[in-house]
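Trainee: Next comes the sequence, and after it the predicted model I'd like to discuss.
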Amino acid sequence: MDTFRDKLIPVTSILAGVIVLWYVFAVILNTPFQRDLDRRANETSTFSELIGKTLSQPKPTLPAPHQVAVNFFENTFLRPINSNRSLVYNAWVTLSSTLLGFAFGTALGIVIAVGIVHVATLDRSLMPWIIASQTIPILAVAPMIIVVLAAIGITGLIPKAMISTYLSFFPVTVGMVKGLRSPEIMHLDLMHTYNASRTQTFWKLRVPASVPFLFTSMKVAVAASLVGAIVGELPTGAVAGIGAKLLAGAYYSQSIDIWSALVAGSIVAALLVMVVGIAGRLVDRAMGGRPA
Amino acid sequence: MNWLKPSWQAVIAIVLCLIAVALGAMSKPEAAALADPTASIDYPYLGTKGLMLGLAVVAALISMVRIPSVAEAVVLFIGAHLVAWLLISGITGFEGTALAPYFLLLTAAWLLGWRCVAVLSGLRPPASWARTTLRLIIPAIFGAWILIIWEAVTRGAGIPFILLPPPSAIGARIASSLPVLGADVRQTIFKAVLFGYVVGSGAGFITAILADRVPFLRRGLLPIGNMVSALPIIGVAPIMVMWFGFDWQSKAAVVIIMTFFPMLVNTVAGLAASGHMERDLMRTYASGYWPTLIKLRLPAAAPFIFNALKINSTLALIGAIVAEFFGTPVVGMGFRISTEVGRMNIDMVWAEIAVAALAGSVFYGVVALVERAVTFWHPSVRGG
């Protein structure tokens, strides 16, 4: 298998290639507008001047990487954290509803999975619907949930968290059903010979067997619940949060702001997935798991 | 007591019916009529109240007698759904006036439905067509009961229309605005989704082949692809709208980006799926890279590729609909959802969601059917 060092060089060189391409496209895409500006100002710029100008437009079609980096740095580290232009503040707003929704979604997913594994009726009747619901573009419901809940006076964190819950409980349910069913017949028979009750089989065999499945599906779920929180912020009229930053950027064509909000969202997503991964590894080790 | 086999659902259903009888009036007009017998007040369930209660109790009692399971299921099915139908059709004209017995009776009917599903789940018919039918009927009853409870509760409790319209109103809305819905589907699905899906999946596939040919590219792209799949890619929607304008091209661009990475990651994983033995065999036949790819590795990768196509079918719809929240011409499913929410036409929003759900399921179903036809050799398909 590829080790980390084998991957490092290809990954960094591809990333470097992406950044070079990004600069090239930034010049190409911003050139028509810059030429237009120059013509109005009756200036003729040389090729190198043109490149310099295309990379420093205030509202470029495609901002250059360094513009995004500068904007991201300013909005993250130089602004007071409670200012509503601070990316830390906006990321926190999104993160809080993500986490709340993720916690609810995981709990709900586990409860439903336990029900499906233990009650045959639920297995036959509910499981097909859970699978079918995966094929439905659930995110389309998001604006309605927000507006309808606002109409009965529930605003702020809860509606967004509900969308995150909705998006994150499917992967957990499906993963946990698979996990709780993963013990082999041999193991179940062994528990039977020990005269173990259903509860004992559940806690001592099924739950430990399902833990790896739980963390794998939680990784998917946490990413989904972040997407849910971001989309949930779109119709609220752009108050705060990464989604709100995206929408405000789209309204005022602040392309650099959009890109730095995207970077912030990606960092939050990567961190969340990493934290879940680390938690999974810690739990695995605490339970005495050995690397296979 | 050999002829009796009690079930907790049936017992509770009978108890609920008895409580409903004891509480009396099913709705506020009926309570008013009982309080003032001289006034002639019109109230629901004039003749059907006794019938409904009787039906529920009789069905529950019969289900506890030791009769064949099929007969028990049929009795429960008829009893539960007849009661539910009488309840829902009776409340017409008296929405929002239901009292506790109405909901008790609804719960009793639901319990009978549950018992029916439980009995059906226990059946193990020998014929394969019967098993298939059962696999379809059980979830169908479950889905029907979600609709029944939704309809009965929204109308019985008089939940405001803008909060949650009853399914019948949504159905009526779908029927009455078919042209609008058709135009939205054409704009969003036939233009943006299909184009983006084909181009995005195709590009992911070609990149995967390329990455397979160049190991350096594979080692670099795979970790990036895995990481990108966790990112909120949907956020590029406003940028695409700025670049490609309001029409379907910008939505297709979002769909392309969203579908590219799942296809790339899955195809690369699939191309590694063929075993060493088989590859060695191809080598002994002096087969070059391309014949090996086409005759061995791509067929072996087919299950992975179809997995990506299935994931992408949902992602493509989500991408196109959410991208429309950022700006569209005045047609499209995402546009309709966001504007009708603003105008508080919640039934239209639900109609649009129902259409989106249907389109998503059909899309997924078509991909799944093609998969069965192409990967007919795979154990998961052969096994039934």
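Mentor: Done, it's in.
Trainee: Quick check: buried residues in stretch A:187-196?
Mentor: A:M191, A:A196 (16 or more other Cβ atoms under 10 Å in any protein chain shown). Quick note: C-beta positions are derived from backbone N, CA and C, even for glycine.
Trainee: which outside residues touch that stretch?
Mentor: Stretch A:187-196 is contacted from outside by A:Q200, A:T201, A:K204, A:L205, A:A209, using Cβ atoms under 8 Å, 6 or more residues apart in numbering or on different chains.
Trainee: Is B:L134 in contact with B:L120, as I believe?
Mentor: Yes. Counting by Cβ atoms under 8 Å, B:L134 does reach B:L120; the two are 6.1 Å apart.
Trainee: Turn the contacts of stretch A:187-196 into TSV, including distance to chain B and pLDDT.
Mentor: Listed next are the contacts of stretch A:187-196 as TSV, based on distance: Cβ to the nearest Cβ, whole Å; pLDDT from 0 to 100:
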residue	distance to chain B	pLDDT
A:Q200	24	90
A:T201	21	90
A:K204	27	89
A:L205	24	89
A:A209	22	88
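Trainee: Among those, which lie within helices?
Mentor: Applying DSSP state H to the contacts of stretch A:187-196, the entries found in helices are A:Q200, A:T201, A:A209.
Trainee: Can you report how many residues lie near the last one?
Mentor: So the one you mean is A:A209. 16 (other Cβ atoms under 10 Å in any protein chain shown).
Trainee: show me the contacts for it.
Mentor: With the criterion set at Cβ under 8 Å, 6+ apart, A:A209 makes contact with A:G179, A:L180, A:S182, A:P183, A:H187.
Trainee: returning to what we had before: more crowded one of B:L134 and B:L120?
Mentor: B:L120 (21 against 16).
Trainee: What parts of the stretch 151-300 of chain B come near chain A?
Mentor: B:162-164, B:216-221, B:223-224, B:227, B:229-232, B:234-239, B:241-243 (Cβ under 8 Å from any Cβ of the partner chain).
Trainee: Separate out the buried members of those.
Mentor: Here, 16+ other Cβ under 10 Å leaves B:164, B:217-221, B:223-224, B:227, B:229-232, B:234-239, B:241-242 buried among these.
Trainee: What about these, which are in strands?
Mentor: Judged by DSSP state E, strands contain none of these.
Trainee: which stretches of chain B form strands?
Mentor: Under DSSP E, chain B gives no strands.
Trainee: Can you give me the domain boundaries for the chain?
Mentor: No chain was given, so I picked chain A. A:4-62, A:87-286 (automatic domain parsing).
Trainee: Hmm, no, I was thinking of chain B.
Mentor: According to automatic domain parsing, the domains of chain B span B:8-159, B:174-382.
Trainee: Determine which stretch of those domains is the most buried.
Mentor: domain B:174-382 (a mean of 19; mean count of other Cβ atoms under 10 Å in any protein chain shown).
Trainee: what about that domain, average pLDDT?
Mentor: What domain B:174-382 shows for mean pLDDT is 86.
Trainee: Now A:F170: phi and psi?
Mentor: phi -60, psi -50 (degrees, to the nearest 10).
Trainee: and it, how many neighbours?
Mentor: There are 22 residues near A:F170, going by other Cβ under 10 Å.
Trainee: Surely it and A:Q134 touch.
Mentor: Yes. A:F170 lies in contact with A:Q134 (Cβ under 8 Å); the separation is 6.0 Å.
Trainee: hey, what's in contact with both of these two?
Mentor: Going by Cβ under 8 Å, 6+ apart, no residue sits against A:F170 while also sitting against A:Q134.
Trainee: Could you measure from the residue of chain B found nearest chain A over to B:Y289?
Mentor: For chain B, the residue closest to chain A is B:G220, as judged by Cβ to the nearest Cβ, at 3.1 Å. According to Cβ to Cβ, to the nearest Å, B:G220 stands 21 Å off from B:Y289.
Trainee: now do A:V27
Mentor: A:V27 is 37 Å from B:Y289, by Cβ to Cβ.
Trainee: got it, and B:A157?
Mentor: From B:A157 to B:Y289 the distance is 67 Å (Cβ to Cβ).
Trainee: Check B:A59 too.
Mentor: 68 Å.
Trainee: can you list contacts of stretch B:69-83?
Mentor: So stretch B:69-83 is in contact with B:52, B:55-56, B:58-60, B:62-63, B:67, B:105, B:108-110, B:112-113, B:115-116, B:119-120, B:122-123, B:141, B:144, going by Cβ under 8 Å, 6+ apart.
Trainee: before we move on, what about stretch A:64-79?
Mentor: Taking Cβ under 8 Å, 6+ apart as the rule, stretch A:64-79 contacts A:19, A:22-23, A:26, A:55-56, A:60, A:63, A:85-88, A:256-257, A:259-260, A:263-264.
Trainee: pretty sure B:A183 contacts B:V331?
Mentor: Yes. Between B:A183 and B:V331 there is a contact at 5.2 Å, judged by Cβ under 8 Å.
Trainee: so which strand or helix has A:A223?
Mentor: Secondary structure assignment for A:A223, by DSSP states H and E: helix A:207-233.
Trainee: for A:W203, what are its contacts?
Mentor: With Cβ under 8 Å, 6+ apart, A:W203 has no contacts at all.
Trainee: Try it again at 10 Å.
Mentor: A:W203 sits next to A:A196, A:S197 when contact means Cβ atoms under 10 Å, 6 or more residues apart in numbering or on different chains.
Trainee: before we move on, the earlier item: show me what counts as buried in the helix holding A:A223.
Mentor: A:207, A:209-233.
Trainee: Surely B:P6 touches B:M64?
Mentor: Yes. Using Cβ atoms under 10 Å, B:P6 makes contact with B:M64 at a distance of 5.4 Å.
Trainee: Identify the residue spatially nearest to A:S133, adjacent ones excluded.
Mentor: A:F170 (6.5 Å; Cβ to Cβ, 6 or more residues apart in numbering or on different chains).
Trainee: how much space between that neighbour and A:L126?
Mentor: Distance from A:F170 to A:L126, by Cβ to Cβ: 12 Å.
Trainee: what touches both of those two?
Mentor: A:I112.
Trainee: Tell me who's in contact with A:L122.
Mentor: A:I112, A:V114, A:G115, A:I116, B:W114, B:V117, B:A118, B:S121, B:F142.
Trainee: Please dump the residues you listed into JSON lines; it should also carry pLDDT and distance to A:M274 for every row.
Mentor: What follows is these, written out as JSON lines (pLDDT from 0 to 100; distance: Cβ to Cβ, whole Å):
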{"residue": "A:I112", "pLDDT": "91", "distance to A:M274": "27"}
{"residue": "A:V114", "pLDDT": "91", "distance to A:M274": "28"}
{"residue": "A:G115", "pLDDT": "90", "distance to A:M274": "31"}
{"residue": "A:I116", "pLDDT": "89", "distance to A:M274": "30"}
{"residue": "B:W114", "pLDDT": "87", "distance to A:M274": "43"}
{"residue": "B:V117", "pLDDT": "86", "distance to A:M274": "43"}
{"residue": "B:A118", "pLDDT": "85", "distance to A:M274": "44"}
{"residue": "B:S121", "pLDDT": "83", "distance to A:M274": "42"}
{"residue": "B:F142", "pLDDT": "86", "distance to A:M274": "38"}
